[in-house]
Structures are given as structure tokens and as C-alpha cells.
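Asker: Provided below are the primary sequence and the corresponding predicted coordinates.
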Amino acid sequence: MPHKPFKAVIPAAGLGTRFLPATKAMPKEMLPVVDKPAIQYVVEEATGAGIQDVLIIIGRNKNNIANHFDSMPELEAKLREKGDDDKLAKVEHSSDLADIHMVRQGEPKGLGHAVLRARSHVGDHPFAVLLGDDLIDERDPLLTKMMEEYDKRGGATVIALMEVDPAHIHLYGVAAVEATDEEDVVKVTQLVEKPKAEDAPSNLAIIGRYVLGPDVFDILERTQPGKGGEIQLTDALEELATGGGDGGGVYGVVFRGRRYDTGDRVDYIKAIVQLAADRDDLGPALRPWFKEFAQGL
Ligand code: G1P
């Protein structure tokens, strides 16, 4: 029987302390990447993969996110009056994008806990979890490939993996893997949340994309706090990878496309520079200046 349509879950309840004071009264997901808030890229990635139903797990300062995806009748009327169709389209786009829902995380107790908050909304649908700190270039459709693998492998869990420099491996969930008959699709045999470089089972890090079946919720309910005293999604998936069960195991899609990390300040600035340089409206003015600037360094 075909399964129900995929939903998307976007955790957005982190404190964003690395970006203070910008994130004092505004969630980090609303920080602009060029001229769009980071979270809009993530919602667009979900809708680009054909997902219409998006649940955002919110923390404090949630109103900014809710307002961004809501219509703004006064602003729209002003722009319409002025005949500024371009800007009007941009404003309307974010409220027409998807069927957006919100739920509060309450006390932030980790990514696993945030995902568990999605349980009643997700119900018995399969779903994608998209973390806002990782932006995936829309020209490299990772999520679509992951959803195809979910179907192909009979509803198995699918995570996105990327080779990272061993010096950074301690910042990620890390997978031990075996090859499959498909290039860049691996079977995950073990998962460890943020190991020390010397304990990491490989250089394959989980980047923030997961395609999960609703069975993960039962596991999350009983997952005990792990690394950092938080309920870790990685620990729940480790159980699926090693538990044998009927869950179908865990597979990884090894991503070799363009990913922009907006989680810390240096990477965030790099993401803006890369994305702006690539844009048709901004790139031509920026690229010569970047060269000139770099020569002066
Ligand atoms: C989370 C996950 C981690 C994953 C990472 C990807 O960590 O716990 O397994 O590798 O996202 O960005 P965070 O970066 O939220 O600390």
C-alpha cells in the first residue's frame, strides 16, 4: 500500500547564542542569508521536494517566524498601490509557500526531544527533518533523493551524510557504514553523537537532513539523555541501525553537492558571500569587488 504523503519538521527552538546580540530578540533562523531568512531556504527545500505540510518547532521569540510565513495585508496593499509587483511577489511568496504549522518545544531538551514534539502533528505519516543550520543548494536536490531511497528501501530510515575534515568531526553525529549496490548510498551500522576525532568510526558526518518513519517516535519516547545531557536524535537512530527490528535499518545518502553551514559566524558569512556571488542580480556587481578586496588582504 502506498504510504501517506511526507510531512516536514523543522526544529527552530535553539537559543542561537553564537550570534548574540543579533539573536537576543530574534530567533537565529530569521537571520538573513543575503535577503531571505535562513528558515525560508529550508521551507523552500521541503516544498521543492514536493512536501506541502511543514511543522516548525519553535522556542522563544516565535512571533517573528510566525509573522514571516503569514500574510501582511497592509504591506501588500502599499506595494500594490505603488505598483511594485516585484516586491509584492516576494512578500506574498513566503505566505503562499506551504501549509505551515507551529508547535512549541517548551524547555529545550535536545534535538530528539524537539522531534518528539512533532508526534501528534505527524501522526502516521513519514516525515523529513530539516535542520536550519545546514542549507542545501537548491541545484543539488538531496531531499528528493532521500525520499526516493525511503520508498525504495521499504520505509527504512534515511540520513544525509557528508565527508568532513577530521578536525571538525566532533561537531557532528558520525556513522560507521557499509557499501550497498548503489553508489553514494550506504548502510549505516553504527551512529555516535559528537565523538572525539580519535573515537569517530569514520569521517562521514550527519548533515541536518533525515527522512524518518513514524516508528521513530516510540524510540524517542524512551531515549535517555545522551551527549550534553540532551535527548539526541542520533541515539534513537543508533537503536534503529543496530536494533535489528522490522524498521528496515538506516541508510545514508552521501552528499557531494553544495552545502552552506550557517551555524557559526565564519561559516554564515561564507554562505552569504557564496550565495550572493552566484546570484544573477547581485553577482555581477559583487564578483569584481571580491577580487579587488582579496588582493588587498
Ligand atoms: C545536530 C545533530 C548532529 C548533526 C548536526 C548536523 O547537532 O545532533 O548529530 O550532525 O546537527 O548539523 P547540532 O549541530 O544541532 O549541535
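Answerer: Yes, it's here.

Asker: For stretch 95-111, buried residues please.
Answerer: Across stretch 95-111, burial judged by 16 or more other C-beta atoms under 10 Å covers Leu97, Ala98, Ile100, Met102, Val103, Gln105, Pro108, Gly110, Leu111. In short, each C-beta sits where N, CA and C put it, glycine included.

Asker: Looking at the stretch 151-297 of the chain, what residue ends up closest to the ligand?
Answerer: Taking C-beta to the nearest ligand atom, the ligand has its nearest neighbour within the stretch 151-297 of the chain at Gly173, 2.6 Å off.

Asker: and that residue, what is it in contact with?
Answerer: Leu191, Val192, Glu193, Lys194, Ala205, Ile206, Gln232, Leu233, Thr234, Leu237 (C-beta atoms under 8 Å, 6 or more residues apart in numbering).

Asker: just these that are near the ligand?
Answerer: Checking these against the ligand by C-beta under 6 Å from any ligand atom, the ones in range are Glu193, Ala205, Ile206, Gln232, Thr234.

Asker: Between which two of those is the distance greatest?
Answerer: Ala205 and Gln232 (14.3 Å; C-beta to C-beta).

Asker: So these two - more neighbours on which side?
Answerer: Per other C-beta atoms under 10 Å, whichever of Ala205 and Gln232 has more neighbours is Gln232, with 25 against 21.

Asker: Now do the contacts for that one.
Answerer: Gly110, Leu111, Gly112, Gly173, Glu193, Thr223, Pro225, Gly226.

Asker: What is the neighbour count of the residue lying closest to Gly16 once chain neighbours are set aside?
Answerer: Of all residues not flanking Gly16 in the chain, Lys28 sits nearest, at 3.0 Å (C-beta to C-beta, 6 or more residues apart in numbering). The burial count assigned to Lys28 is 24, neighbours taken as other C-beta under 10 Å.

Asker: What values do phi and psi take at Lys28?
Answerer: phi -60, psi -20 (degrees, to the nearest 10).

Asker: Roughly how far does it sit from the ligand?
Answerer: The gap separating Lys28 from the ligand is 11 Å, by C-beta to the nearest ligand atom, to the nearest Å.

Asker: could you pull out the helices for the stretch 151-297 of the chain?
Answerer: Taking DSSP state H, counting those that start in this stretch as the criterion, the stretch 151-297 of the chain carries its helices at 216-222, 233-242, 265-278, 283-295.

Asker: which of those helices is buried the deepest?
Answerer: Of the helices of the stretch 151-297 of the chain, the one with the most neighbours on average (mean count of other C-beta atoms under 10 Å) is helix 233-242, at a mean of 23.

Asker: Now tell me what touches it from outside.
Answerer: 110-112, 115, 129, 157, 159, 173, 188-193, 206, 210, 216, 219-220, 223-224, 226, 247, 249-250.

Asker: near the ligand, which residues of the chain?
Answerer: By C-beta under 6 Å from any ligand atom, the residues of the chain that approach the ligand are 111, 131, 133-134, 172-173, 193, 205-208, 232, 234, 263.

Asker: Not counting sequence-adjacent ones, nearest residue to Val188?
Answerer: Once flanking residues are discounted, Val188 sits nearest to Val250: 4.1 Å by C-beta to C-beta, 6+ apart.
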